[in-house]
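A.B. asks: Any chance you could fold what I've pasted below:
(2 chains)
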Amino acid sequence: MSPSELFTERPEFATATVSLDLATNVFATGLNGAISRPPRAEPTAISLIDPPQVAERWRPTRTRVLTVGLTFPAGLEFVPPKPAPDEQQHTLRKLLPPGANVPGASGDGGKPVKKSTRLKPPADALSLQDRLFYVLQPPLEQWLSGQELVMPFEPFPFQYEGIAWLFSQEAALLADEMGLGKTMQTITAMRLLLRSGQIRRALLVCPKPLIPNWQREFKTWAGELPVTTIEGDNARRKMIWTMPGNGILLTNYELMVRDVAEFEEHELPTFDLLVLDEAQRIKNRGSRTAQTARGIKRRRAWALTGTPIENRPDELSSLYEFLEVIAPSDHPDLRQLTRLAEQYILRRTKDLVMKDMPPRLDRDEYLSLAPAQELAYKTAEKDGIVQLNEMGETISVQHVFELVLRLKQISNYDPLTGESSKLERLCADMEEIAASGGKAILFSQWTRTLDWINKQIIERVENCNPLIYHGGVPNKQREPILAKFKDDPDSHLLLMSYGTGAVGLNLQFAGYVFLFDRWWNPAVEDQAINRAHRIGCKSQVIVTKFICKDTVEERIDKVLAEKRALFAAILGGGEQTNASLSMNASEIFGLFDLKAPVKQGGLRAIGPKAA
Amino acid sequence: MAAIGTTDLKLGFLTAIELAGGGYVGGLLVTNRFGRPLEFQCTTPVRPNRTQEILYGTTLRSFVLGELIGKTLVEKSAVKPDVVLTEGDDLLELRSHVAQPVAVVEQNGGLRIGRHSLRFHPSHADDHSRLASSAESVPEQADLFEPFERVREALHETMKASAARV
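C.D. replies: Reported below is the predicted structural model:
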């Protein structure tokens, strides 16, 4: 085929028909009718003038208010004492309530503001009612400020705090340093508890010599309270113990032990409050005194002492057991003791609270023995040590102790010649003190030494007029002696034994304290010194401690200084150890460079019985 | 109206604290003339509902404090106060609902009592004379604002106790 043929040849076309009418299959869903049905409009007439509808009625109804209530117990009313004919009312200083004359207190302007001390609920008060009871009490200053309860003198702020704390505590150990007014704080807290109906019947136990002191302080601070001293024969005492009615019973430790033993178990009287003054008396848990005190039934228990630890921290356990804050015979460790102290002990020191109190000046007088005295001392020491060495294994701490006592007595004065370097020094000092109208207290552990000093001073120091106050002086004569020392301007020296004079007495008018010989425990020495250096003292107190050089006194003084440091560490919450604070056998033997036999070791406290 | 006796005058200190979530708790402390407590009553939290809020408007506070809280507390107290003392006018409205005089404690003016003064409800002018003689039995150095502090502290203590129970 030629190319032209190719172009001329007609192509052949074929056509095919495609139907555009696609078949649709409709399923019977039921909607189809609705889709295809044209909408139908049906108008409805709406009236524009609706009649007004009254909405649901609201009427104010009184909402029910729920309440919680607390009624306070009725307080006890006491008849105020009539002032004695010679007692002028104006001698008592009536206090102004808080805020009186104090600025800014409620915006009065221009008047001084006084701190107010509020009662706080105790940590262990769980019920709301109990807590509200404390929260709703008026500030102490208001309570005690010449409105309902007249106070003769205005307490210091720290004393208000102490009163508030005691008021709230069912178990309390008030361990303020001596001289800060534990007595007044206790009496006032008791007074408030009685007056507010919290307690009705209280028992206060103190050492026998302090009974007149407590009687006097109750009269001063709460004259309206009925205070009955338990005294007389057995029948009378039993009658007083069981006497119905409200008020305060006052007794001493010895009578407490004796009288309570007379009661059958079911007869034992119960008290709302039991207070132990100088509570270190029950530091030995197994002692009859401690057991008796624990056996007296009461709701509240307070212990008062300036020296909660005299020798060992464990002594606190006995006090805690009395307060019923530890289980019987429980032995808390130091960590537990410290934790309990936070809740149950209140201790303030003069350094902290009485910054403006006159200072106490300690003066250690190191004296050389007089010639005859020195000879006697050396002979006694030499012979004594020889004897001790000869005893071999039979030697006991008591043997060494007896030697210490003998040497201490010679250090006071030579019994043969009467020579005494201490007396020489004392006479010189007393001449000056008497001439200047001052007053001094002298402490010794021996009544015989006190009698000897008395005789010597009378002979050698003119116009000194010494007075003696020790265990040998009958009770009835003691108060007049103290009164004479206080009131007689010609009486310049009071000779006291540590045992009788160291606790509870207020002798803040004395500006001088002499420790003629040293006690075995620094706490007891502090107690003695604080008879003079306490609240109310107007001028500095000079404390003179006589220490004879190169004698056992010097060695004891060193041990005492170390004990004092340990004592401060434990009560101050500083480093604490389990070490005993007592002079133990090793320390006693060490005074003479002797070695304690092994069997004599241990921590038994030593020391003579107080005179 | 008879004058109130002087020897056993009982003072009621009424106050309330506002709660963070709305509402109030109120407390009434009845004391003797020296401020020593005789009885304390307090309410559980009182919260007005939305309807009350809208309808009482600006009078809501005095309604809740005076009529609801104050009246209930005075009625509930077993030791009836001779006079109810308040710190502000909201609670003064209580006077319309109780028989006792109700007064606002102020620094100056009005009836002198203790270190402060009392202003009474204007519609009860004779309250002043009813209390005039017995007001002298209150010690002149008495601080009449102090007890309100005690009531507030007690209310907080109560709230804490309630919260602890929840």
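
A.B. asks: Pull the number of nearby residues for residue 139.
C.D. replies: Answering for chain A, as no chain was given. The burial count assigned to residue A:139 is 24, neighbours taken as other C-beta atoms under 10 Å in any protein chain shown. All C-beta atoms are positioned from the backbone trio N, CA, C, and that covers glycine.

A.B. asks: Hmm, no, I was thinking of chain B.
C.D. replies: Count around residue B:139 with other C-beta under 10 Å applied: 20.

A.B. asks: What count of nearby residues applies to residue A:297?
C.D. replies: Residue A:297: 9 neighbours (other C-beta under 10 Å).

A.B. asks: Once you drop chain neighbours, what's closest to it?
C.D. replies: Spatial nearest neighbour of residue A:297, excluding adjacent residues (C-beta to C-beta, 6 or more residues apart in numbering or on different chains): residue A:270 at 4.2 Å.

A.B. asks: Buried residues, the worst-scoring helix or strand of chain B on mean pLDDT. List them.
C.D. replies: Every helix and strand in chain B was compared by mean pLDDT, DSSP states H and E; the lowest is helix B:50-56, with a mean of 86. Neighbour counts over helix B:50-56 (16 or more other C-beta atoms under 10 Å in any protein chain shown) mark residue B:52 as buried.

A.B. asks: got the CA positions of the helix or strand where residue A:363 lies in PDB?
C.D. replies: Residue A:363 belongs to strand A:360-367 when assigned by DSSP states H and E. Extracted in PDB, the C-alpha atoms of strand A:360-367 (Å, rounded to 0.1, in the frame of the first residue of the first chain):
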ATOM      1  CA  ARG A 360      26.200  37.800 145.000                       C
ATOM      2  CA  LEU A 361      30.000  38.100 145.400                       C
ATOM      3  CA  ASP A 362      31.800  34.900 146.200                       C
ATOM      4  CA  ARG A 363      35.000  35.200 148.100                       C
ATOM      5  CA  ASP A 364      37.100  32.100 148.700                       C
ATOM      6  CA  GLU A 365      39.300  32.800 151.700                       C
ATOM      7  CA  TYR A 366      42.300  30.500 151.600                       C
ATOM      8  CA  LEU A 367      43.800  30.500 155.100                       C
END
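
A.B. asks: So for it, mean pLDDT?
C.D. replies: Across strand A:360-367, pLDDT averages out at 83.

A.B. asks: buried residues in it?
C.D. replies: A:360, A:365, A:367.

A.B. asks: residue in the stretch 351-500 of chain A nearest to chain B?
C.D. replies: Of all residues in the stretch 351-500 of chain A, residue A:353 sits closest to chain B, at 25.5 Å by C-beta to the nearest C-beta.

A.B. asks: In the stretch 151-300 of chain A, which residue sits closest to chain B?
C.D. replies: residue A:196 (7.5 Å).

A.B. asks: what sits against that residue?
C.D. replies: Contact partners of residue A:196, counting by C-beta atoms under 8 Å, 6 or more residues apart in numbering or on different chains, are A:72-73, A:75, A:137, B:36.

A.B. asks: how close does residue A:362 sit to residue A:529?
C.D. replies: 8 Å (C-beta to C-beta, to the nearest Å).

A.B. asks: Please disregard the earlier target; I meant residue B:81.
C.D. replies: 54 Å.

A.B. asks: ok, these two, which is more surrounded?
C.D. replies: Taking other C-beta under 10 Å, residue B:81 and residue A:529 do not tie; residue B:81 has more neighbours (25 against 22).

A.B. asks: circling back to that earlier point, and for the residue of the stretch 351-500 of chain A closest to chain B, the neighbour number?
C.D. replies: 20.

A.B. asks: Checking the nearest residue in space to it that is not next to it in sequence next. Helix, strand or coil?
C.D. replies: In space, and not counting its chain neighbours, residue A:353 is closest to residue A:158: 4.1 Å by C-beta to C-beta, 6+ apart. Secondary structure assignment for residue A:158 (DSSP: H, G, I helix; E, B strand; the rest coil): helix.

A.B. asks: residue contacts, residue A:158?
C.D. replies: Here residue A:158 is in contact with A:180, A:348, A:353 (C-beta under 8 Å, 6+ apart).

A.B. asks: Okay, now the unreliable bits of the stretch 151-300 of chain A?
C.D. replies: Applying pLDDT under 70 to the stretch 151-300 of chain A flags no residue at all.

A.B. asks: For residue B:33, which non-adjacent residue is closest in space?
C.D. replies: Spatial nearest neighbour of residue B:33, excluding adjacent residues (C-beta to C-beta, 6+ apart): residue B:9 at 4.5 Å.

A.B. asks: who in the stretch 151-300 of chain A is up against chain B?
C.D. replies: When proximity is defined by C-beta under 8 Å from any C-beta of the partner chain, the stretch 151-300 of chain A lies next to chain B at residue A:196.

A.B. asks: mind listing the strands for the stretch 151-300 of chain A?
C.D. replies: A:171-174, A:201-206, A:227-229, A:247-252, A:270-276, A:297-304 (DSSP state E, counting those that start in this stretch).

A.B. asks: Could you list every helix and strand in contact with the fifth one?
C.D. replies: In other words, strand A:270-276. Counting contacts by 3 or more C-beta pairs under 8 Å, 6 or more residues apart in numbering or on different chains; DSSP states H and E, strand A:270-276 packs against helix A:182-195, strand A:201-206, strand A:297-304.
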